[in-house]
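K.L.:
Below are the sequence and a predicted model for it; my questions follow.
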Amino acid sequence: MCMSNYILALDQGTTSSRAILFDREAVMRGIGQYDIAQSFPKPGWVEHDPNQIWESQVAAARDAIAAAGATGQQIAAIGITNQRETALVWDRTTGEPVYPAVVWQDRRTSGACEALKARGLEGEIARKTGLVVDAYFSATKIAWILDHVEGARERAERGELLAGTVDSWLIWKLTGGTEHVTDVTNASRTMLFDLHRRAWDEELMRELRVPAAVLPEVRMSGGLFGIARAEWFGAEIPILSVLGDQQAALFGHTCLEAGSAKNTYGTGCFILMNTGTEPVASEHGLLTTIAWGMGEELYYALEGSVFMAGAAVQWLEEGLGLIDNPMASEEKAMEVPDTGGVVVVPAFTGLGAPYWDMYARGAIFGLTRGTTAAHLVRATLESLACQTRDVIGAMEKDAGMPLTGLRVDGGAVRNDLLMQFQADLLGSEVTRTVYAETTALGAALLAGLSAGFWTREGLEAFNRSERVFKPAMPEAEREERYAVWQDAVARTVGWEKHGR
Ligand SMILES: Nc1ncnc2c1ncn2[C@@H]1O[C@H](COP(=O)(O)OP(=O)(O)O)[C@@H](O)[C@H]1O
Ligand SMILES: O=P(O)(O)OC[C@H](O)CO
């Protein structure tokens, strides 16, 4: 049993680097956070500065330690969680990145993905990796960097360059350039990792033109990834967990068994359902991914994302001027008892899972002379819950098992009206936890488990609910409301055809 008091969670996100120091009761004792710059050099391109990612992450961690009045000696382990899919390539000797980080949102490799589809690789990629062919994932981004930085491909073939996702970059820096590793969850977002064999796939590496020499070694999410050097936090600290941020949130909600699921309501929604120890192939446009692995144990998940969730609430504020801020949406919606028959489908950039229609566009249905701003606001909030039900319905069908309750986090879960409607529409309990930082908590829990702070059974104690929303709507009404939503969605499909 280790006698240190704290676990340090590093949460490297798309817009900021955050660090949180948790104690043995998994209570937050210190927090540090720095924003990172977003760079958009061309339409559809999104880049980060790798050195800024690293420096901001170290600074955030030092702040978190100082805020808790702690020292490096008191930290038993570091857990890392990160924005997923973002790709980096750096020089093995100098440690210098050869190009900015190409961020998960970046669309520059869409053409390369179309070419992969044209070569008929979609089926093989889906079977092996659980993913759809899309620019979202890391492999085509790594290949793009190797092809567009002068001499990079030759240097990569000679073993002079290293590639990886943000976790690999942070571990490499923390360990002073000695460890080039990643975990199974991050590997499962590359389009190169065989979910069944749990290994990089030679065939896909060849097809996607990513040489084996640049790829990190893949380890289980819980376990030793390396030792952070004393120069960073005043003592040598083992890195004992690594997992992608959505998977970390799933773990932080202690969704450790099949059928449990979480939804993070941020700008979009990321919904993950634990499906157990075998991968489940989706027939409804969901991704199959790894939830977490430790020792001999490995869990898989189905994942679906909604593009416009909190962003639709922002649209009510910024686009329509109906509310002063997202928080005001609840009060506004409560001015009316229901939406008055109005349905808002916020398909502003098309529809994600399970529809995958890039030509769908947003629409408002059921307007009458009596429609007010409050009706529109209420209908927009309901659209977050309806889109979530779309994804969860697909998950239940794919997994062949019912949802055992939904655990929630993210900015929009403060909205009680939305949470109650979500429970009503799912016919299932929705649990809001006391933790605002479920992602960092997940990395900390897994690191603490590896460090011997906690036992697997003991983790359930950290499933601290702040409020449970119970379904109260009669089933007939629930199904009728959902049918109306589905009808509305069907009318938005394909709206923005080429040339319209
Ligand atoms: N009370 C609220 N009701 C509905 N939506 C909200 C509320 N508070 C915040 N939001 C939405 O939540 C989002 C911010 O959540 P956050 O988890 O910080 O997102 P992200 O991590 O994607 O930046 C915004 O899009 C905002 O519109
Ligand atoms: O950094 P976040 O929280 O927006 O998460 C990004 C996701 O990991 C992308 O897949």
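P.N.:
Right, received. Where do you want to start? Ligands and ions are numbered 1, 2, ... in the order given.
K.L.:
how distant is the single longest strand found in the chain from the center of its chain?
P.N.:
In the chain, assigned by DSSP state E, the strand with the most residues is strand 297-306. Relative to its parent chain, strand 297-306 has a centroid offset of 10 Å by C-alpha atoms, centre = their mean, to the nearest Å.
K.L.:
show me where the stretch 251-400 of the chain has helices.
P.N.:
Under the criterion DSSP state H, counting those that start in this stretch, helices of the stretch 251-400 of the chain are mapped to 310-318, 328-333, 373-399.
K.L.:
Just the C-alphas of the least confident helix or strand in the chain by mean pLDDT, formatted as CSV.
P.N.:
For the chain, counting by mean pLDDT, DSSP states H and E, helix 110-118 ranks last in confidence among helices and strands (a mean of 90). Listed next in CSV are the C-alpha coordinates belonging to helix 110-118 (Å, rounded to 0.1, in the frame of the first residue of the first chain):
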residue,chain,number,x,y,z
SER,A,110,-11.3,14.2,-46.3
GLY,A,111,-10.0,13.6,-49.8
ALA,A,112,-7.6,10.9,-48.6
CYS,A,113,-10.5,9.2,-46.9
GLU,A,114,-12.7,9.4,-50.0
ALA,A,115,-9.8,7.7,-51.8
LEU,A,116,-9.7,4.9,-49.2
LYS,A,117,-13.4,4.4,-49.7
ALA,A,118,-13.0,4.3,-53.5
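K.L.:
and the next helix or strand after that helix with helix 110-118, angle?
P.N.:
The C-terminal neighbour of helix 110-118 among helices and strands, as given by DSSP states H and E, is helix 122-129. Relative orientation of helix 122-129 versus helix 110-118 (axes from the mean of the first three to the mean of the last three C-alpha atoms, to 10 degrees): 100 degrees.
K.L.:
hmm, back to that, point out the most buried one among the helices of the stretch 251-400 of the chain.
P.N.:
Of all the helices of the stretch 251-400 of the chain, helix 373-399 has the most neighbours on average by mean count of other C-beta atoms under 10 Å, namely a mean of 24. C-beta coordinates here come from the backbone N, C-alpha and C atoms, glycine included.
K.L.:
Using CSV, lay out the helices of the stretch 251-400 of the chain together with distance to ligand 2.
P.N.:
Below are the helices of the stretch 251-400 of the chain laid out as CSV (distance: least, C-beta to the nearest ligand atom, whole Å):
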stretch, distance to ligand 2
helix 310-318, 11
helix 328-333, 21
helix 373-399, 15
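K.L.:
Quick one, which of those helices gets closest to ligand 1.
P.N.:
Ranking those by proximity to ligand 1 (C-beta to the nearest ligand atom) places helix 310-318 first, at 2.3 Å.
K.L.:
Show me what that closest one is packed up against.
P.N.:
helix 328-333, helix 373-399 (3 or more C-beta pairs under 8 Å, 6 or more residues apart in numbering; DSSP states H and E).
K.L.:
let's go with 6 Å and repeat that
P.N.:
helix 373-399 (3 or more C-beta pairs under 6 Å, 6 or more residues apart in numbering; DSSP states H and E).
K.L.:
List, one by one, the residues from the stretch 151-300 of the chain near ligand 2.
P.N.:
Applying C-beta under 6 Å from any ligand atom, one finds that the stretch 151-300 of the chain approaches ligand 2 through 244, 245, 246.
K.L.:
these two touch, right, the second one and residue 438?
P.N.:
It stands for residue 245. No - contact criterion C-beta atoms under 6 Å: residue 245 and residue 438 do not qualify, at 9.7 Å.
K.L.:
ok, those two, which is more surrounded?
P.N.:
residue 245 (27 against 23; other C-beta atoms under 10 Å).
K.L.:
what sits against that one?
P.N.:
Contacts for residue 245 (C-beta atoms under 6 Å, 6 or more residues apart in numbering) come out as 81, 439.
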